[in-house]
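Asks: Got a predicted structure plus its sequence, pasted below:
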Number of protein chains: 2
Amino acid sequence: MKRYGKVIKVKPEKLAYYKKLHANPYPEVTAAITECNIRNYSIFYRDGYLFSYYEYIGDDHQRDMEKLSGMTRVWLAETDPCQEPVASAAADEWWADMEEVFHQ
Amino acid sequence: MKRYGKVIKVKPEKLAYYKKLHANPYPEVTAAITECNIRNYSIFYRDGYLFSYYEYIGDDHQRDMEKLSGMTRVWLAETDPCQEPVASAAADEWWADMEEVFHQ
């Protein structure tokens, strides 16, 4: 199992809608998360930033992330316009990877 | 069990030292974390921000946080000068609480 922490910005005018979507996520999204080997997935908000934490139990993270995107296109068409990558994100990054500096 | 997400800034000139401390935390700190009912505790870094995630299994979070501070004073005397609360933090907040907007 590998832990991931990621960060992205949420547009202030879209925050309420983003939270509403996540209060009742589409069933195909929650099923896709499980099928793509993601466990214990949380998203937290403060001050314009979203932070996500999850545990990945598969053996090909990149492949599973691509599979997840493919399975959740309708959902992402709603959530992507709510978000904006952080300034330091790479060109191919949406959620930006954080570095784990401690775990216990 | 309740999940917590928190955020704080780290001073750029102190980042290397903060990471070094957390690569080999004091044994009394790791013991105190366990005794204070904190589990699955991670800290992630990016762009000047630290994000922490943990799961609290006790029944009095505030009391356990105070106990933890008391048990880790020597450690906090090293780590506190590395950190700076976010601008929106309350007067009595160090790490600032984030709002959980999703969990699966």
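Replies: Good, I have the coordinates.

Asks: From now on I want contacts and neighbour counts done on CA atoms only, so please keep to that.
Replies: Noted.

Asks: starting at the chain centroid, how far to the top helix by length along chain A?
Replies: In chain A, taking DSSP state H as the definition, the longest helix is helix A:61-71. Helix A:61-71 sits 12 Å away from the centroid of its parent chain (CA atoms, centre = their mean, to the nearest Å).

Asks: Low-confidence bits of chain A, can you list those?
Replies: Counting by pLDDT under 70, chain A contains no low-confidence residues.

Asks: Tell me where chain A has helices.
Replies: A:15-23, A:27-35, A:61-71, A:73-79.

Asks: can you list those in a markdown table and add mean neighbour count?
Replies: Converted to a markdown table, the helices of chain A look like this (neighbours: other CA atoms under 10 Å in any protein chain shown):
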| stretch | mean neighbour count |
| --- | --- |
| helix A:15-23 | 15 |
| helix A:27-35 | 15 |
| helix A:61-71 | 15 |
| helix A:73-79 | 14 |
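
Asks: do you know which of the ones you listed lies nearest B:K11?
Replies: Shortest distance between B:K11 and the helices of chain A, using CA to CA, is found for helix A:15-23: 28.5 Å.

Asks: tell me what the closest one is packed against?
Replies: strand B:99-103 (3 or more CA pairs under 8 Å, 6 or more residues apart in numbering or on different chains; DSSP states H and E).

Asks: again, only this time at 10 Å
Replies: strand A:38-46, helix A:73-79, strand B:99-103 (3 or more CA pairs under 10 Å, 6 or more residues apart in numbering or on different chains; DSSP states H and E).

Asks: Redo the ones you listed as CSV? Include distance to A:V7.
Replies: Formatted as CSV, the helices and strands packed on helix A:15-23 follow (distance: least, CA to CA, whole Å):
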stretch, distance to A:V7
strand A:38-46, 9
helix A:73-79, 14
strand B:99-103, 14
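
Asks: Tell me which of these lies nearest to A:A16.
Replies: Here strand B:99-103 is closest among the helices and strands packed on helix A:15-23 (CA to CA), at 10.4 Å.

Asks: now the closest one against strand A:38-46, angle please.
Replies: Between strand B:99-103 and strand A:38-46, the angle comes out at 150 degrees (axes from the mean of the first three to the mean of the last three CA atoms, to 10 degrees).

Asks: does any part of strand B:99-103 sit near chain A?
Replies: Yes: Strand B:99-103 is in contact with chain A by CA under 10 Å from any CA of the partner chain, via B:E99, B:E100, B:V101, B:F102, B:H103.

Asks: Just list whatever residues bridge to the first one.
Replies: Beta-bridge partners for B:E99, by DSSP bridges, are A:Y45.

Asks: okay but it is in contact with B:Y53, surely?
Replies: No: assessed by CA atoms under 10 Å, B:E99 is found out of contact with B:Y53, at 11.8 Å.
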